[in-house]
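[1] For reference, the sequence and a predicted model appear below.
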Amino acid sequence: MKFLFKPKSIAVIGASAKPGKIGYEIMDNILSYGFKGELYPINLKEIEILGKKCYKSVADVPGEIDLAVISIPAKYVPAVFEGCGKKGVKSAAIVTSGFGEVGDHETENRLVEIAEKYNMPFIGPNIFGIVYAPNNINASFGPADVKPGKLAFITQSGALGIALMGWTITNKIGLSSIVSIGNKAQIGESELLENFLKDDPNTKAILLYVEGLIDGRQSMKTFKEVGLKKPIIALKSGRSKRGAAAAASHTGSLAGADNIYSAAFKQSGVLRAIDASEAFDWARCITNNPRPKGKNAVIITNGGGVGVMATDACEDNDLDLYNDQEKLKELFFKPEIMPPFGSTKNPVDITGGGGELAYKKAIEAAYNAKEIHSIVVLYCQTATTNPDLLADYIIEVVKKNGGKKPFVIANIGGEAVETMIDKLNENDISAYDLPEKAISSLSALYRWSEFIDRNEKQGKTKPLKLPIPQIKAIIDNIRKEGRIQMLEHESKQIFKLIGLNVPPFALAQTVDEAQKFAQEVGYPVVMKIVSEDIIHKSDAGGVVVGPKNAREVDEAFNKILTNAKNYKADANIRGVFISHMVPKATEVIVGVTRDPTFGPVVMFGLGGIFVEIMKDVVFRVAPFPKEEARHMINEIKSKPMLYGARGTKPADIDALVDTIYIISQLVSQVDDIKELDINPLFALEKGASAVDARITLTEKSYPSN
Ligand code: COA
């Protein structure tokens, strides 16, 4: 892939002498960005373009071609691309639109075949090009003057990518590269990350704009691998249902359910930003700063109000403020830093009269204190300070201490402050116009760092040993009957096999059996009709809750059978399911769905209104380590209900963790399971009990993993 990023020779096929045409702008950008290698414009009529000799085809070019940028109408592309292959062109960027995104997958696939035949990797089609600042490559028709820096920006959307390219220039964000991947026919984000950006010394962080991933699992693997080396920020559009539909038609990619994307990003260490401005704010902090060595942050401010705003933001973002009052006093309560009425409670308030020198001294003190791990500076414009001079002081002190610990600054004020922000950013110091942005960006850096810590602790997940042959035997029997919907006793048999706790149950054919089993499972009992023809058992009058003696079991048994026959005369009735009735407890749900992009996904939430109205649920792509199951529980908003809120007894969290984890293992090892619901799972003081169960099989049968 190095030829894409570091070509020594470029051919622009479809180069034009007419300003405003894409073929002209690409040529112009390549030249004005200072490309030092050979540049060959390919045009059927022209003799020279922008001072470069033209060739009618790549075959006529005397030298080797490392990169061909193709910008001619779609119908000519396959033949020209084949010509590139024959010439031995090493890589290509196909700018032309009009392939997979408008439904012509056949021609797009043909391009992939050609690329594979000639071992000629290509990005596109339907892209605006590629930029690699360290080697002065701007083979794109975006803005010419990209600011060199350490952030690689990969974008699936072309127009938005170009717009954001311009935006980075205005906002002084330095980029190592910009790659437009368009239809991702051969090269997508995973390939770029794995084969180039992961090990590129000029790239410190990566920002992805994605509309959809093609192979979610593979992408997660790559993100994780790369994310352990450098932070990845994702901007994923299509959060709303309408947005997702628009994305699908835009580049023809599959957009999985958005909360599943969020889960997948989180699991693979990708920092998901809500919008472009947040993404670039984070990128600014992440590319400029080292990984923090600890959790203690200090805020240095000249304004109390803005300090409180920052403190609130720290709480919202789980950022810890250093709190050793003695030490803070020792570090900052000095005449050169603050007047006697200043405050050393973190935020450290040097007060409105605090000048440039006071800031400098305070920042130096924070850099020199080993107890402090990251520094947040807030500056409200006052008449007692000169923003330009303050910027110079900050640049000096941060550069001198550079790399020791993360540093962010928020400057609030008028025009002079805007200039100050620009100056700081030009000098690779992460400066923002609001404290919330500075804090949110610093916390993104912390989240990445925590991902690495967490990953080191968790290690590799070994598959749990499950009795797969027995599980498969149950599934095969169901399939033999032409069913994909498991009956409750079948689902619960599987649960028992994998070690989940289910209330004791049995299937009775006669009243005598029902009475015997009721005795065995223990009164009171729950009795339910078992028939594949009666899915909504309660509607059919097929459920009786609470019989507590033999007589009531007799009555319930007959009532259930009569109701079932009345409901559906020809229903295939397999008997009556009898189970011990578990006393009421906090109800939670563990569910599984199979996502087309990510495969099996496990959901956890509290039952009842929490799931139905509040949608207070979390997802994880299976399988995942046990610790991840604990994070799931701690992520739901209604978690206090499980930890003993409002006088309730705390639930056995370990048992919930085990259940979620075992289910994630089951669905990862048994591909036949399409959907699964334990609803409710009773969260007991000791243990957890799968009270109701529903498993649906896939249409297609799978061999065991
Ligand atoms: N070999 C060499 N030159 C060729 C050629 C060939 N086989 N076929 C055409 N050309 C020349 C043309 O003569 C023309 O040169 P000229 O300006 O001197 O006349 C030039 O290549 C471009 O061809 P033209 O037919 O004028 O096409 P165009 O410039 O109007 O459009 C694309 C070409 C690729 C820009 C257009 O088809 C396209 O796909 N546009 C969308 C691109 C896009 O938006 N991509 C996504 C980014 S977000």
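    That came through, no problem. Numbering: from 1, shown residues only.
[2] okay, CA-based contacts and neighbour counts for the rest of this
    Noted.
[3] tell me which residues in stretch 298-312 are buried?
    Neighbour-count burial for stretch 298-312 flags Val298, Ile299, Ile300, Thr301, Asn302, Gly303, Gly304, Val306, Gly307, Ala310, Thr311, Asp312 (criterion: 16 or more other Cα atoms under 10 Å).
[4] Would you tell me what the next helix or strand after the lowest-mean-pLDDT helix or strand in the chain is?
    Scoring the helices and strands of the chain by mean pLDDT, DSSP states H and E places helix 241-251 at the bottom, with a mean of 47. Later in the chain than helix 241-251, the nearest helix or strand by DSSP states H and E is helix 258-267.
[5] what's the spacing between Glu532 and His489?
    Distance, Glu532 to His489, by Cα to Cα, to the nearest Å: 12 Å.
[6] Contacts only, for Phe153.
    Contact analysis of Phe153 by Cα atoms under 8 Å, 6 or more residues apart in numbering lists Leu175, Ser177, Ile178, Val179, Ile206, Leu207, Leu208, Tyr209.
[7] Let me see the contact set for Pro125.
    For Pro125, the contacting residues are Ala93, Ile94, Val95, Thr96, Ser97, Phe99, Glu108, Ile181, Gly182, Asn183, Lys184, Ala185, by Cα under 8 Å, 6+ apart.
[8] CA atoms of the longest helix along the chain as CSV?
    Counting residues, the longest helix found in the chain (DSSP state H) is helix 435-458. The C-alpha coordinates for helix 435-458 follow below in CSV (Å, rounded to 0.1, in the frame of the first residue of the first chain):
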residue,chain,number,x,y,z
PRO,A,435,-14.2,24.6,28.9
GLU,A,436,-16.7,21.7,28.0
LYS,A,437,-14.8,21.1,24.8
ALA,A,438,-11.4,21.0,26.5
ILE,A,439,-12.7,18.6,29.1
SER,A,440,-14.6,16.4,26.7
SER,A,441,-11.4,16.1,24.6
LEU,A,442,-9.2,15.3,27.5
SER,A,443,-11.6,12.6,28.7
ALA,A,444,-11.6,11.1,25.2
LEU,A,445,-7.8,10.7,25.6
TYR,A,446,-8.4,9.1,29.0
ARG,A,447,-11.0,6.7,27.6
TRP,A,448,-8.5,5.5,25.0
SER,A,449,-5.9,5.0,27.7
GLU,A,450,-8.4,3.1,29.9
PHE,A,451,-9.2,0.9,26.9
ILE,A,452,-5.5,-0.1,26.8
ASP,A,453,-5.5,-0.8,30.5
ARG,A,454,-8.7,-2.8,30.4
ASN,A,455,-7.4,-4.8,27.5
GLU,A,456,-4.2,-5.6,29.3
LYS,A,457,-6.2,-6.8,32.3
GLN,A,458,-8.7,-8.8,30.4
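[9] Which strands or helices does that helix pack on?
    Helix 435-458 is packed against strand 271-273, helix 276-288, helix 304-316, strand 374-380, strand 407-412, strand 430-432, with contacts defined by 3 or more Cα pairs under 8 Å, 6 or more residues apart in numbering; DSSP states H and E.
[10] Mind listing the strands the first one pairs with, and their directions?
    In the sheet containing strand 271-273, its partner strands are strand 232-236 (parallel), by DSSP bridges.
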